[in-house]
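Q: This is the structure alone, sequence omitted:
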């Protein structure tokens, strides 16, 4: 299968990962009610068996439970090819650099690892701890070997450029920027993030690449999601109705390629280049379905047709 490096680092993976926000989270998601640790373990095992080696988590997912679950799942035989990414949340009361080092120690303990492959800043750092202090602390951790690469998340083009320049003073590349990106969420194509990432050699990690289930086609006017999503306008009757034209085009393409809607949506992102989608998976079936996006490519004509229909479905401002 195709391989892709995380920015200008030596970390290499297939162009698809697994996002683990829902692993252990019962605030936004419904962990412990509609699915449990055994189903998540089956998702992990199925992903590994399918050749997926990148798992993205964060210290705040389930207040550390996501990291703990991954720590329980990883077998020694998995580790040589496995890449674990997690994230530091720059909360307002986190002021001193020592907090960063302590957070990494705690994540390493929950993950049962000696080294984190990709350590990311979860949100732009704009509080009392400035970005220079934070990134300097992370650069020290790279030198110590406790993290291999540094990434950011939800950074604008300007913020990404600033972080890239700061890390360059330590001769460390900024590897990734994890941002919202899907067929229905294409703001990075027009706000400078995608172009800046390409210019600087930074890989885009696309979170919510299935638009939290909308692009799977499983939600209808009579079947809506559970949990926090049920209160979001895009999952209401008007939102579901608005995206039907792009889903119809995707179904036509899916039939042509003998693929599922999820696989079309994920492969569409892979076809953009320099993008690694990280869809969630709560069970083995979802993980296997995700993996079916690998090993083939949409034709450029189909990529363009889906993009045109998606633009036509955007809400009018």
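A: Received, thanks. Values in this document were obtained by computation on a predicted structure and should not be read as measured data.
Q: Please report how far the nearest residue to residue 277 once chain neighbours are set aside lies from residue 25.
A: In space, residue 277 comes closest to residue 209 once its chain neighbours are excluded; the distance is 3.6 Å by C-beta to C-beta, 6 or more residues apart in numbering. From N, CA and C alone the C-beta is placed, and that goes for glycine too. Distance, residue 209 to residue 25, using C-beta to C-beta, to the nearest Å: 18 Å.
Q: So these two - more neighbours on which side?
A: Legend: neighbour count by other C-beta atoms under 10 Å for residue 209 and residue 25, higher for residue 209 (31 against 19).
Q: and the closest residue to residue 232 other than its chain neighbours, what does it touch?
A: The shortest distance from residue 232 to any non-neighbouring residue, by C-beta to C-beta, 6+ apart, is to residue 239 (7.7 Å). The neighbours of residue 239, taking C-beta atoms under 8 Å, 6 or more residues apart in numbering as the test, are 214, 232, 233.
Q: most surrounded residue in the residues you listed?
A: residue 214 (26 neighbours).
Q: any residues touching the helix or strand hosting residue 204, and which ones?
A: Assigned by DSSP states H and E, residue 204 belongs to strand 203-207. For strand 203-207, contacts defined as C-beta under 8 Å, 6+ apart pick out 4-7, 17, 19, 21, 56, 85, 151, 153, 175-182, 188, 193-194, 197, 269, 274-278.
Q: What about those, which are in strands?
A: The strands, defined by DSSP state E, take in 4-5, 19, 56, 85, 151, 153, 175-180, 275-277 from those.
Q: If any of these are buried, give me the PyMOL selection for them.
A: Burial among those is assessed by 16 or more other C-beta atoms under 10 Å; the matching PyMOL selection reads:
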select buried, resi 4+19+56+85+151+153+175+176+177+178+179+180+275+276+277
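Q: now, which of the contacts of residue 239 sits nearest residue 115?
A: Distances from residue 115 to the contacts of residue 239, taken as C-beta to C-beta, are shortest for residue 214 (36.3 Å).
Q: Give the full set of residues in contact with that closest one.
A: Here residue 214 is in contact with 184, 234, 235, 239, 240, 243 (C-beta under 8 Å, 6+ apart).
Q: Just the buried residues of the helix or strand harbouring the fifth one, please?
A: Translated: residue 240. Secondary structure from DSSP H and E places residue 240 in helix 237-242. Within helix 237-242, the residues that count as buried by 16+ other C-beta under 10 Å are 239, 240, 242.
Q: Same check on stretch 85-97?
A: 85, 86, 87, 88, 90, 94.
Q: What residues are recorded as beta-bridge partners of the fourth one?
A: With DSSP bridges applied, residue 88 shows beta-bridge pairing to residue 121.
Q: That one and residue 122 touch, don't they?
A: Yes. Contact criterion C-beta atoms under 8 Å: residue 88 and residue 122 qualify, at 6.2 Å.
Q: Excluding covalently adjacent residues, which one is nearest to residue 61?
A: Residue 61's closest residue in space is residue 21 (C-beta to C-beta, 6+ apart), at 5.3 Å.
Q: Identify the residues contacting that neighbour.
A: So residue 21 contacts 28, 29, 58, 61, 66, 207, 280 (C-beta under 8 Å, 6+ apart).
Q: And it, how far from residue 195?
A: From residue 21 to residue 195 the distance is 27 Å (C-beta to C-beta).
Q: Ramachandran coordinates for residue 185?
A: The phi/psi pair for residue 185 (degrees, to the nearest 10) reads phi -130, psi 90.
Q: For it, which non-adjacent residue is closest in space?
A: residue 211 is the one closest to residue 185 (C-beta to C-beta, 6+ apart), at 6.4 Å.
Q: Model confidence for that neighbour, exactly?
A: As predicted, residue 211 sits at a pLDDT of 93.
Q: Tell me both backbone torsions, phi and psi, for it.
A: phi 50, psi 40.
Q: State the pair within the ones in strands among the contacts of strand 203-207 that is farthest apart.
A: Going by C-beta to C-beta, the pair spanning the ones in strands among the contacts of strand 203-207 furthest: 5 and 180, at 22.5 Å.
Q: Show me where the stretch 51-200 of the chain has its strands.
A: Ranges of strands in the stretch 51-200 of the chain, per DSSP state E, counting those that start in this stretch, are 54-56, 83-88, 116-121, 147-153, 174-180.
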